[in-house]
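**Q** what follows is a protein structure lacking sequence information:
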């Protein structure tokens, strides 16, 4: 479990009232349990990326604590174990690959753990299979598509045998196919490890076990996708939008109030209800 | 015809082992005042294509005519072509370099010799055209703005050259839904009220559904499809093979058709889809009563 306990954060060294006006995280309490697929939504500047960088000690809280499986991210002796357990993948597929072949890139992390060669080979193979990139193992990363590069970046994290995968807008620069590939990888990792996915795309949130919404540095909503998206009035206030299917259902409901007891989130749900 | 491409081909690093064919025999005609979405997988040639619209790239074979002028001709007025056809790159705010929003937006027209009151009016108009308050933002550093505001300043800094066409490469990438909505609404307004020609490269079919009337699908350097947006999105299965996923609303319409609901395909927005479904429910109710 990753636990945020009343985390405050602002950039810069000062700690006077002015600095606190610029707070990026405000009293954030959060639990990321093992094995869950969670999606974090929120407008630009709401603090999502700052929060992500707290999960593995890239940033440290100004006050409050972040604990990863009982280890404090302030504890320098634990930081490498924390970073093995919590892997981050960022937005830009071109900034995260360092080696000259896919295989070497994925092997980079485990090599630095000082693992035996056989173990490294097994882990690389396993990680590439999990993201569906095994057949590209000898390819040069720059020849890959954006979606493929992101999958390689994820494989690099998986080869560390992490407990938590944090995706900070990892789908935002991809084309629709790349997005779909990445969402399939997430589905594939479900229940194996925790996936914490930050995105602006509300459609990607409809599949999650849990959806969180951030606004002005605070977590303002948390629940199953249907619960969160049912707070129709709040959605706009948070700078979000409804999934298009849900919006359609609400419009139909105006004329036929008896329809859609539970708001549909996917095309299948909408069509299912209409045909019943 | 405003922009016309005739059999345009372009290869990066031609004659080397790294040669990459980006465009192959592309024919395309764009009228003044149109709003067009250009779509296709990463690497299909979209960005290469649009850089031909304002003579940033010159075709290696074939011809590009902008307002009747051949861009590859010696002595072609390329500066004038680039003023007429403004190009907004991906993540344009990465290229900010001025201290204030005013200077950023004034940069291009000032280089064209515009000054004084005329310059100020231009900057004011451009910022207002993207929905920003001139007085509130003009003296700010572009870097203190939010992501959505920065993107709008970047678009304003092209509008300040008073282009006749605006070409935008992924104008909403990385923006939150609110930022997206504002930009798309302002673009539609510019197209409707000023007759600005809009050419938008995007991966988001939902975005294009709000703005574009016509869609050009590219695949491996060629135009595979060029038609009215409703026509394109009603061919759900076919266009998926080109890496295009129609908007969710069109997908729902398709599913309903399969279940025997006679809804029109190619619906573009939740509003259209809801109206379409409401109509069908009423028809069924009437049929049941009758």
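**A** Thanks, I have the structure now. Quick caveat, the model's predicted, so the values are computed rather than measured.
**Q** now check the helix or strand harbouring residue A:177, is it near chain B?
**A** Per DSSP states H and E: residue A:177 is located in helix A:176-189. Yes: Helix A:176-189 reaches chain B (C-beta under 8 Å from any C-beta of the partner chain) through A:176, A:177, A:178, A:180. Backbone N, C-alpha and C define where each C-beta goes, glycine included.
**Q** need the contact partners of that helix.
**A** For helix A:176-189, the surrounding residues in contact (C-beta atoms under 8 Å, 6 or more residues apart in numbering or on different chains) are A:37, A:130-132, A:145-148, A:150-151, A:154, A:158, A:165, A:167, A:170-171, A:174, A:195, A:197, A:201, A:204, A:207, B:41-42, B:203, B:205, B:243-245.
**Q** again, but for stretch A:40-49
**A** With C-beta under 8 Å, 6+ apart, stretch A:40-49 has contacts from A:24-26, A:28, A:51, A:168-169, A:196-200, A:202, A:205, A:211-218, A:238-240, B:146-148, B:174-179.
**Q** give me the subset of those that lies in strands.
**A** Mapping the contacts of stretch A:40-49 onto strands (DSSP state E) picks out A:25-26, A:28, A:168, A:196-198, A:211-215, A:218.
**Q** in the residues you listed, find the pair that's most separated.
**A** A:26 and A:197 (22.3 Å; C-beta to C-beta).
**Q** so between those two, which is more surrounded?
**A** Between residue A:26 and residue A:197, residue A:197 has the larger neighbour count (other C-beta atoms under 10 Å in any protein chain shown), namely 25 against 17.
**Q** give me the buried entries from the residues of helix A:176-189 next to chain B.
**A** Neighbour-count burial within the residues of helix A:176-189 next to chain B applies to A:176, A:177, A:178; the criterion is 16 or more other C-beta atoms under 10 Å in any protein chain shown.
**Q** show me where the chain has strands.
**A** With no chain named, the answer covers chain A. In chain A, the strands defined using DSSP E lie at A:2-9, A:25-32, A:37-41, A:63-68, A:71-72, A:86-89, A:164-168, A:194-198, A:210-215, A:218-223.
**Q** not quite, I wanted chain B
**A** Per DSSP E, chain B carries strands over the ranges B:3-12, B:20-30, B:35-39, B:61-66, B:69-70, B:85-88, B:165-169, B:197-201, B:214-219, B:222-228.
**Q** nearest to chain A, out of these?
**A** Chain A lies closest, by C-beta to the nearest C-beta, to one member of those: strand B:35-39, at 9.0 Å.
**Q** so is that closest one next to chain A?
**A** No: using C-beta under 8 Å from any C-beta, strand B:35-39 never reaches chain A; the gap is at least 9.0 Å.
**Q** against which helices or strands is that strand packed?
**A** Contacts defined by 3 or more C-beta pairs under 8 Å, 6 or more residues apart in numbering or on different chains; DSSP states H and E place strand B:35-39 against helix B:46-52, strand B:197-201, helix B:205-211, strand B:214-219.
**Q** can you redo the ones you listed as CSV with mean neighbour count, mean pLDDT and distance to residue B:117?
**A** Conversion of the helices and strands packed on strand B:35-39 to CSV gives the following (neighbours: other C-beta atoms under 10 Å in any protein chain shown; pLDDT from 0 to 100; distance: least, C-beta to C-beta, whole Å):
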stretch, mean neighbour count, mean pLDDT, distance to residue B:117
helix B:46-52, 22, 95, 34
strand B:197-201, 24, 97, 28
helix B:205-211, 23, 93, 33
strand B:214-219, 22, 96, 39
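**Q** can you redo those as a markdown table with distance to chain A?
**A** Output for those, formatted as a markdown table (distance: least, C-beta to the nearest C-beta, whole Å):
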| stretch | distance to chain A |
| --- | --- |
| helix B:46-52 | 10 |
| strand B:197-201 | 11 |
| helix B:205-211 | 7 |
| strand B:214-219 | 12 |
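**Q** how about those, which one is nearest residue B:281?
**A** So among these, helix B:205-211 is nearest, using C-beta to C-beta, at 23.2 Å.
**Q** can I get the helices and strands packed on strand B:35-39 in JSON lines with distance to residue A:97?
**A** Output for the helices and strands packed on strand B:35-39, formatted as JSON lines (distance: least, C-beta to C-beta, whole Å):
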{"stretch": "helix B:46-52", "distance to residue A:97": "21"}
{"stretch": "strand B:197-201", "distance to residue A:97": "25"}
{"stretch": "helix B:205-211", "distance to residue A:97": "28"}
{"stretch": "strand B:214-219", "distance to residue A:97": "26"}
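**Q** residues from the stretch 101-250 of chain B in reach of chain A?
**A** Applying C-beta under 8 Å from any C-beta, we find that the stretch 101-250 of chain B lies next to chain A at B:146-148, B:173-179, B:181, B:203, B:205-206, B:243-245, B:247-249.
**Q** in helices only, show me the residues you listed.
**A** Filtering those for membership in helices, criterion DSSP state H, returns B:147, B:148, B:177, B:178, B:179, B:181, B:205, B:206, B:248, B:249.
**Q** ok, now which ones touch the fifth one?
**A** Contact criterion C-beta under 8 Å, 6+ apart gives A:43, A:44, B:146, B:147, B:148, B:151, B:172 as the residues in contact with residue B:179.
**Q** next one: the second one from residue B:96, what distance?
**A** So the one you mean is residue A:44. 16 Å (C-beta to C-beta, to the nearest Å).
**Q** ok, the fourth one next?
**A** When distance is defined by C-beta to C-beta, residue B:147 is 12 Å away from residue B:96.
**Q** if you rank the contacts of residue B:179 by neighbours, which is first?
**A** residue B:151 (27 neighbours).
**Q** in this structure that residue contacts residue B:183, no?
**A** Yes: between residue B:151 and residue B:183 there is a contact under C-beta atoms under 8 Å: 6.5 Å.
**Q** list residues touching both of these two?
**A** Residues within reach of residue B:151 and of residue B:183 at once, by C-beta under 8 Å, 6+ apart, are B:171, B:172, B:175.
**Q** and for residue A:25, the neighbour number?
**A** Residue A:25 has 27 neighbouring residues, counting by other C-beta under 10 Å.
**Q** actually residue B:54, not the one I wrote
**A** Residues lying near residue B:54 (other C-beta under 10 Å) number 22.
**Q** got the phi/psi numbers for it?
**A** Per-residue torsions, residue B:54: phi -130, psi 30 (degrees, to the nearest 10).
**Q** give me the nearest residue to it, chain neighbours excluded.
**A** Of all residues not flanking residue B:54 in the chain, residue B:85 sits nearest, at 3.9 Å (C-beta to C-beta, 6 or more residues apart in numbering or on different chains).
**Q** which residues sit in contact with that neighbour?
**A** Residue B:85 neighbours (C-beta under 8 Å, 6+ apart): B:3, B:53, B:54, B:66, B:163, B:164, B:165, B:167.
**Q** so what's the last one bridging to?
**A** Right, the one you point to is residue B:167. residue B:87, residue B:199 (DSSP bridges).
**Q** can you tell me how far it sits from residue A:260?
**A** From residue B:167 to residue A:260 the distance is 41 Å (C-beta to C-beta).
**Q** show me which residues of chain A are close to chain B?
**A** A:42-45, A:91, A:145-147, A:169, A:172-178, A:180, A:200, A:202-203, A:239-241, A:243-245, A:247-248, A:251-252, A:255-256, A:267-268, A:270-271, A:274-275.
**Q** from the residues you listed, list just the buried residues.
**A** Members of the residues of chain A next to chain B classed as buried by 16+ other C-beta under 10 Å are A:42-45, A:91, A:145-147, A:169, A:172-178, A:200, A:202-203, A:239-241, A:243-245, A:247-248, A:251-252, A:267, A:270-271, A:274.
**Q** picking up where we left off before, residue B:167 and residue A:260 - which one has more neighbours?
**A** residue B:167 (26 against 18).
**Q** what's the separation between that one and residue B:285?
**A** Taken as C-beta to C-beta, the span from residue B:167 to residue B:285 is 48 Å.
**Q** give the residue spans of chain B that score low on pLDDT.
**A** Within chain B, the stretches with pLDDT under 70 are B:290.
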